[in-house]
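**Student:** Any chance you can model this:
(chains A and B)
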Amino acid sequence: MDRPRSGSAPARIATIARKEIVDTFRDRRTMFVTFLTALGAGPLLMLLVLNLAANQAEKARELQLPVAGREHAPALIAFLERQQVTLTPAPPDFEERIRSGDIDVVLDIDPTFGADVARGKPGIVRLVYDRSRDRARAVIAETDAMLRAYSREWGRGRLLLRGVAPEVGLPLQIDMHDLATPQSSGSLVLFLVAFYGLFAAVMGGVAVALDTTAGERERASLEPLLLTPARPLELATGKWLAVCLLNLLVVVLTLAGFYLTLRFGPVPSIGIPFLFGLTEFLRFVVVLLPLILLVPAILVYVGSRGRSFKEAQSTVSLLLFAISIVPIVQMFLQRKEPGWLAWVPVSSQYALLTRALRGEALPALLLAQSYVMPALLAIGALLLVARLLSRESVLAGK
Amino acid sequence: MIVVDNLAKAFGKRGEVKAVAGVSFTAPDGAITGLLGPNGAGKTTLLRMLATLVVPDSGTATIDGRSVTADRYGVRQRIGVLSDARGLYLRLTGRENIGYYGALHGLAGSVLAERIDALVQTLGIAAIADRPAQGYSQGERMKVAIARALVHDPAVILLDEPTNGLDIMSTRALRDLLRDLAAGGKCLLFSSHVMQEVSALCDRIVILGRGRVAASGTAPELIAQADAPTLEDAFVRLLGTGEGLAA
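**Tutor:** So this is what the prediction gives:
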């Protein structure tokens, strides 16, 4: 028999990638869990948030207000009842119950209200609430607005009574112009979708990446593999490609979960504060692509370095923590990002994702910028993997 | 044919552990050459240098005229290696495991399929070849690992302690296979620390001790050289001590 040819580098890379993908898909249970989580977890979380928002809106609409000392201000009470507010007597220990979260807000009318008003002094009403309780915010704002409206109406009546045009007391007329499109409000849900997309791109390949690298060593199949004509860089590239593909699959499934939920799911009728249609879907994939390619390269490197699966796993969890903290920090910064952040992986992707969700176009320059660092880092990581695999010490850990 | 000339390799920060310290021998085609030595004699390091996985500090080695340092990938196409590491991909079938290595060696299509069929037939693993490797016994795993190492029909075959962990039946089957390969003109280098193993199988024997060749030749030559009544006595005398030779 004539000597077998060792084939071409692309053919070997394809062989390696194909084998890793087949091997991964044979692991039915892991695949099932991965894909189910990808499809299900995001939408589940989103439904929770949307329902919360719907509840708040509901609460504000059917305002229930416990009142203490209603007998001191009958006119105010009558006004509130005209506004369809359901008034209930406040329990004597209402401060305690607000702290414990049983009641959101209580209107406390000062016993001297009647006397103060009669003497021309402002009547004192106290709005008692716990601002740290998110779900109370809508009720607080609603009650506050109603009390101010009452105050204005009353003041206007007094001025008219004295023959003064009410406008005299209101030198400033404030017209609110909210430039937010329907998509750019609802920041929590927005953050959630962007974060989850990012999370999928980062987490999607972890199990596979470690199995093809640290797992190879632990299975004692690395040495025979290194004895084939496959060059170290071909091994690195083939494994990386396989992980990228599965990572892409997880991202697409995650986004599909969002898309399907918003399109067909039992989304409450509060009006979704942003769009997530096919355009956004595609934009997400385009924005996340650099991470879909970069993260597997880093994971393959970490997995090849670790002496064991466990060691690689602990390094990876640290890495993932570092990556996932970026968008959270960014959200809390709450100010316009400095220009150089557009070069930083993860950070630039997060910025572009929120842009896409706000319905804004993605500037080609920013997009190109967001690709540069991931591309360089991915190539660097793959070269490092190849160098690791060509070292003699790679055999030491078996 | 394997030609090893004064090959040396040391490990450790200052090279204080001399695993192989100037080894020379020749392993001809059509024969099984045994590499016999106690644990730590340098057998594995020597085989890894021949397999191009470890770069020698000095000396040369050629496989069919190709240098293991200058033409690593040329050598890899010509050698089949069964080392201590025989991990299979447990979720793939035996056939797929063999096929993966065949594809990496540039085989494809019907050529690869026929080659796998031939190996499956020779090794008698037809019954399990299409099942995932997960459920294989030690012997079955071993056979698939051998098929994997031979899939590209290498001219030179390196085996590092191949009978480790095998039962008697599997060991006998392996011996028969190796004899057939040698009869077919292949060059086989077989390392072991078990004397009976080597004497039962090998045409020529190279005795390694502390990284050096203590003696080499056929069994009768070694007995004559040591002036000993049996091969076992010859080993002990040639090594200078009775250390570590498992009987």
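
**Student:** Every contact and neighbour count from this point should use C-alpha atoms.
**Tutor:** Will do.

**Student:** Which residue, other than its chain neighbours, is closest to B:Thr26?
**Tutor:** B:Val3 (4.6 Å; CA to CA, 6 or more residues apart in numbering or on different chains).

**Student:** Which strands border the helix or strand encompassing the one you found, and is each parallel or antiparallel?
**Tutor:** Using DSSP states H and E, B:Val3 maps to strand B:2-11. Partners of strand B:2-11 in the sheet, by DSSP bridges, are strand B:17-27 (antiparallel), strand B:58-63 (antiparallel).

**Student:** Same list (the ones you listed) but as TSV, adding mean pLDDT, mean neighbour count and distance to B:Leu178.
**Tutor:** Below are these laid out as TSV (pLDDT from 0 to 100; neighbours: other CA atoms under 10 Å in any protein chain shown; distance: least, CA to CA, whole Å):
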stretch	mean pLDDT	mean neighbour count	distance to B:Leu178
strand B:17-27	92	19	15
strand B:58-63	95	20	19
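
**Student:** Can you list the helices and strands that the strand or helix carrying A:Ser370 packs against?
**Tutor:** Per DSSP H and E: A:Ser370 is located in helix A:364-389. Counting contacts by 3 or more CA pairs under 8 Å, 6 or more residues apart in numbering or on different chains; DSSP states H and E, helix A:364-389 packs against helix A:232-264, helix A:278-305, helix A:347-357.

**Student:** State the mean pLDDT of the longest one.
**Tutor:** Helix A:232-264 carries an average pLDDT of 91.

**Student:** picking that back up, enumerate the positions of the strand holding B:Val3 that are buried.
**Tutor:** Of all the residues in strand B:2-11, those buried under the rule 16 or more other CA atoms under 10 Å in any protein chain shown are B:Ile2, B:Val3, B:Val4, B:Asp5, B:Leu7, B:Ala8, B:Lys9, B:Ala10.

**Student:** Spit out the contact partners of the nearest residue to the fourth one once chain neighbours are set aside.
**Tutor:** Nearest in space to B:Asp5, with sequence neighbours left out and distances taken as CA to CA, 6+ apart, is B:Ser24 at 4.4 Å. Contacts here follow CA atoms under 8 Å, 6 or more residues apart in numbering or on different chains; on that basis B:Ser24 touches B:Val3, B:Val4, B:Asp5, B:Asn6, B:Leu7, B:Val213.

**Student:** Isn't the residue nearest to B:Thr26 up against B:Ile63?
**Tutor:** Yes - counting by CA atoms under 8 Å, B:Ile63 is a contact partner of B:Val3 at 6.7 Å.

**Student:** my guess is A:Leu320 meets A:Val202, correct?
**Tutor:** Yes - between A:Leu320 and A:Val202 there is a contact at 7.2 Å, judged by CA under 8 Å.

**Student:** Look at those two and report which has more neighbours.
**Tutor:** A:Val202 (26 against 17; other CA atoms under 10 Å in any protein chain shown).

**Student:** check contacts around the more buried one.
**Tutor:** A:Leu291, A:Ile292, A:Val295, A:Leu320, A:Ile323.

**Student:** Among the residues you listed, which one sits closest to chain B?
**Tutor:** Within the contacts of A:Val202, the smallest distance to chain B is 24.6 Å, found for A:Val295 (CA to the nearest CA).

**Student:** Show the pLDDT at the residue sitting nearest the centre point of chain B.
**Tutor:** Geometric centre of chain B, nearest residue: B:Leu159, 1.5 Å, by CA atoms, centre = their mean. Listed pLDDT for B:Leu159 reads 94.

**Student:** ok, now A:Leu161?
**Tutor:** 85.

**Student:** Count the residues that sit near it.
**Tutor:** 10.

**Student:** B:Ala27 is in contact with B:Phe190, correct?
**Tutor:** No - applying CA under 8 Å as the test, B:Phe190 and B:Ala27 come out as separate, 10.2 Å apart.

**Student:** Can you pull the residues that touch both of the two?
**Tutor:** Joint contacts of B:Phe190 and B:Ala27 (CA under 8 Å, 6+ apart) are B:Thr33.

**Student:** So, low pLDDT: which residues of chain B?
**Tutor:** Scanning chain B with the threshold set as pLDDT under 70 gives B:241-247.

**Student:** What parts of chain A come near chain B?
**Tutor:** A:3-8, A:12, A:15-16, A:19, A:23, A:26-27, A:219-230, A:392, A:398 (CA under 8 Å from any CA of the partner chain).

**Student:** if we can go back for a sec, can you tell me which of the contacts of B:Ser24 is nearest chain A?
**Tutor:** Using CA to the nearest CA, the contacts of B:Ser24 come closest to chain A at B:Leu7, 16.8 Å.

**Student:** B:Thr45 versus that closest one, what's the distance?
**Tutor:** 11 Å (CA to CA, to the nearest Å).
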